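no sequence for this one, just the structure:
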């Protein structure tokens, strides 16, 4: 699966996305763990000490912040689009 | 006056007679409405809600807040206030840069212009005085040239605020610009100045007269805490936060990923070309500088230089999220060079870069559907967009009608349903089918469609103060009220809206108390914001607006979006019921009891 990352996460992974091996039944937590295994510096950017998604970080599956659709335990559907954003905001 | 923080010096400039009178600040008004937006709206209110915005009687005010131009972080802001010729509502439109601070250093809380000069003039402001000087040689010139001429004429420590040809030509969405690339963009303040034959306001002053806090000890602590919140924030942190590194345009990818990016005049809500226009790509490809405003370490401004294509060599500031959307996805255009070019036309001619993108996208849809004479304009036709922007500023060809703004122009074409506008002003860059708080926000904004009256994306995207589901409508009415009231207060201090990504009512109250010398609780902050919001609404009620004007284009209510918003429309009626209940309004009207409760005269 392809996980797209944005903004200040891109310099950490050296690109716009990261390829992870497909695995049926993988949860959001599995995907994040897979990312962190490849890029350990992502851990403190994405997860709190308690292992939850950090405040203001958006992990999206098919455009939905996973906080609203099952959280870290939700199973990622086959072919889903995964986008991860660090805290971003603007307005003008 | 007993209050600290204010210059206690206001100029009333009668452009008809050429006379300038000076007065202090009304202390009671300053206590109730603070400054900038709140106090400015009070000046416009006192001038009469039924005033014809296109008449010389309309008041145009440049109003600072008690924190403007101080050491306070993000305090380089002032409000342009007037009755909008675009919407017929009261409007306050803020600009950053250095002009606001310099106006305070030149000794003023506010400049209030009424009447109409017989010939073009500009106001020269220095050392607590205002003089009107002939501007015949500047009339007809763009903002960039006007600023260059006046800078040459008056030298250092100067800020020039100016209208361009659009304001002179009565483009109803024309803006007042300053320092080449900063705009009081929304509501047509430039058109009011143009009608009055007021070309520019030139301010000379330096930081040697920067105002000091009433209570220095309290100030040091309040300033330290506020600055620390900005620096520590993962959004605003200098050189580390997303806003600082990528500018406002860091939003393009996230909003598109959510299905909230209105595309082709909001017929779709996802755009394939989003990445090409995103803050990330702009930083990688054409970024050349990162300027900032007075007292701001965030430096969200992103200056670019186009390196290829017909606009090669163009160097400009303000490649912001809003115009990247309005001139990008919204027009089916993924060419950053075209976006930069049209933004620069807006900056030079003095036009609102949000409205113009909506005018163009409306015209493109009208062209596709055969609603306009001739071939019109195809989606993504960059050269055509540039030509059309020029025609609007000069009111030539189709620009004569399009210069009236999205809503009035669509009406003139006989198809108001393709205008994505509320109360006559076009929508910003958050599709309300995917980010529903913005739906109720656009509908109930007191100045026509606006994202900055109550910035619910802070909650719906980020999670400030709590994370809410952008696709859920429940609770968005009361949530919006909180944002509207908080922003009404910070707009009156006047601190940059982006301070709210880190600071809250507590930090605002501490800074106000140290500068002005009046203790405020967090509850007082929210009540004051509520008072200001209700004063604006009272103005609009007296001008003829009620709940029927708190509406959205039918497209948002009946046509689902695309991508993640594929099954979603905006549940406006449900949110309005919640919102009015939270506000204590009756069908969009402030009842007498609420006016009394909030001490609104």
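Cool, got the structure. No experiment lies behind these values; they were computed from the predicted model shown.

Longest helix in chain A, by number of residues?
Looking across chain A with DSSP state H, the single longest helix is helix A:28-38.

Next up, the contacts around residue B:130.
Taking CB atoms under 8 Å, 6 or more residues apart in numbering or on different chains as the criterion, residue B:130 is in contact with B:11, B:13, B:20, B:111, B:123, B:124. Every residue, glycine included, has its C-beta placed from N, CA and C.

Locate it within the secondary structure: which element?
Element membership for residue B:130 (DSSP states H and E) is strand B:129-134.

Note down every partner strand of that strand and its orientation.
Looking at strand B:129-134 with DSSP bridges, its partner strands are strand B:121-126 (antiparallel).

re the thing from before, kindly indicate the member of the contacts of residue B:130 with the most neighbours.
In terms of neighbours by other CB atoms under 10 Å in any protein chain shown, those top out with residue B:13 at 25 neighbours.

From chain A, how far out is residue B:345?
18 Å (CB to the nearest CB, to the nearest Å).

Confirm that that residue sits in a helix.
Yes: per DSSP: H, G, I helix; E, B strand; the rest coil, residue B:345 lies within a helix segment.

Counting neighbours, what do you get for the residue in the stretch 451-600 of chain B that chain A sits nearest to?
Residue nearest to chain A within the stretch 451-600 of chain B: residue B:564 (2.7 Å; CB to the nearest CB). For residue B:564, the count of nearby residues is 25 (other CB under 10 Å).

right, and it touches residue A:62 too?
Yes: using CB atoms under 8 Å, residue B:564 is in contact with residue A:62, at 6.3 Å.

follow-up on the earlier one: dump the contacts of residue B:130 into CSV; add pLDDT as well.
CSV is the format used below for these (pLDDT from 0 to 100):
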residue, pLDDT
B:11, 98
B:13, 98
B:20, 98
B:111, 98
B:123, 98
B:124, 98
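
Would you mind listing what in the stretch 201-350 of chain B touches chain A?
Residues of the stretch 201-350 of chain B lying close to chain A (CB under 8 Å from any CB of the partner chain) are B:233-235, B:240-243, B:245-251, B:253-254, B:257-259, B:275, B:279-280, B:300, B:320-322.

And the helices in the stretch 151-300 of chain B?
Assigned by DSSP state H, counting those that start in this stretch, the stretch 151-300 of chain B shows helices spanning B:165-168, B:189-195, B:216-232, B:242-246, B:251-257, B:274-277, B:279-285.

Let's have the ones you listed in a markdown table, adding mean neighbour count and mean pLDDT.
Converted to a markdown table, the helices of the stretch 151-300 of chain B look like this (neighbours: other CB atoms under 10 Å in any protein chain shown; pLDDT from 0 to 100):
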| stretch | mean neighbour count | mean pLDDT |
| --- | --- | --- |
| helix B:165-168 | 28 | 98 |
| helix B:189-195 | 29 | 98 |
| helix B:216-232 | 16 | 95 |
| helix B:242-246 | 27 | 93 |
| helix B:251-257 | 28 | 97 |
| helix B:274-277 | 20 | 98 |
| helix B:279-285 | 19 | 97 |
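
Any idea which of those helices gets closest to residue B:56?
Judged by CB to CB, the one of the helices of the stretch 151-300 of chain B that comes nearest to residue B:56 is helix B:189-195, at 7.5 Å.

who touches that closest one?
B:53-54, B:56, B:58, B:60, B:80, B:82, B:84-86, B:91, B:93, B:113, B:116, B:163-164, B:166-177, B:199, B:350-351.

Could you rerun that using 6 Å?
B:58, B:60, B:80, B:82, B:85, B:93, B:163, B:167-168, B:170, B:172, B:174-176, B:350 (CB atoms under 6 Å, 6 or more residues apart in numbering or on different chains).

How far does it sit from its chain's centre?
In terms of CA atoms, centre = their mean, to the nearest Å, the centre of helix B:189-195 is found 15 Å from the chain centre.

Likewise for stretch B:491-507?
15 Å.

Let me know whether that stretch sits next to chain A.
Yes: using CB under 6 Å from any CB of the partner chain, a contact is recorded between stretch B:491-507 and chain A, made by residue B:501.

for that stretch, what is the average pLDDT?
Mean per-residue pLDDT for stretch B:491-507: 95.

Was I right to think residue B:360 contacts residue B:332?
No: using CB atoms under 6 Å, residue B:360 makes no contact with residue B:332, being 10.1 Å away.

before we move on, back to that, now, among the contacts of residue B:130, which is nearest to chain A?
For the contacts of residue B:130, the nearest to chain A is residue B:111 (24.0 Å; CB to the nearest CB).

I'd guessed that closest one sits against residue B:60; true?
No: Residue B:111 is beyond contact range of residue B:60, at 8.7 Å (criterion: CB under 6 Å).

List the buried residues in the strand holding residue B:130.
B:130, B:132 (16 or more other CB atoms under 10 Å in any protein chain shown).

next one: that strand to chain centre, how far?
The answer for strand B:129-134 is 27 Å, by CA atoms, centre = their mean.

with the contacts of helix B:189-195 in mind, which one is nearest to chain A?
Among the contacts of helix B:189-195, and counting by CB to the nearest CB, the member closest to chain A is residue B:93, at 11.9 Å.

Count the neighbours of the closest one for me.
Residue B:93: 26 neighbours (other CB under 10 Å).

partners of it in the sheet?
residue B:80.

Quick check, it in contact with residue B:183.
No: in this structure, residue B:93 is not within contact of residue B:183 by CB under 6 Å, at 8.0 Å.

Pull the contacting residues for residue B:69.
With CB under 6 Å, 6+ apart, residue B:69 has these contacts: B:101, B:104, B:105.

can you give me phi and psi for the residue lying closest to the last one once chain neighbours are set aside?
Right, residue B:105. Distances taken as CB to CB, 6 or more residues apart in numbering or on different chains put residue B:205 closest to residue B:105, at 3.6 Å, once the chain neighbours are dropped. Dihedral pair for residue B:205: phi 180, psi 160, per degrees, to the nearest 10.

before we move on, what about residue A:4?
When read as degrees, to the nearest 10, the backbone of residue A:4 gives phi -90, psi 140.

how close does it get to residue B:263?
Computed as CB to CB, to the nearest Å, the residue A:4 to residue B:263 distance reads 19 Å.

Could you do residue B:530 as well?
Residue B:530 sits 36 Å away from residue B:263, going by CB to CB.

same question, residue B:590
For residue B:590 relative to residue B:263 (CB to CB), the value is 37 Å.

the more surrounded of those two?
residue B:263 (26 against 23).

how about the residue positioned nearest the centre of chain B, what does it touch?
Among the residues of chain B, the one closest to the centroid is residue B:93, at 4.4 Å (CA atoms, centre = their mean). Residue B:93 makes contact with B:80, B:184, B:186, B:187, B:189 under the criterion CB under 6 Å, 6+ apart.

Just give me the closest of these to chain A.
The closest of those, once distances to chain A are taken by CB to the nearest CB, is residue B:186, at 10.9 Å.

Was I right to think residue B:274 contacts residue B:256?
Yes: counting by CB under 6 Å, residue B:256 is a contact partner of residue B:274 at 3.9 Å.
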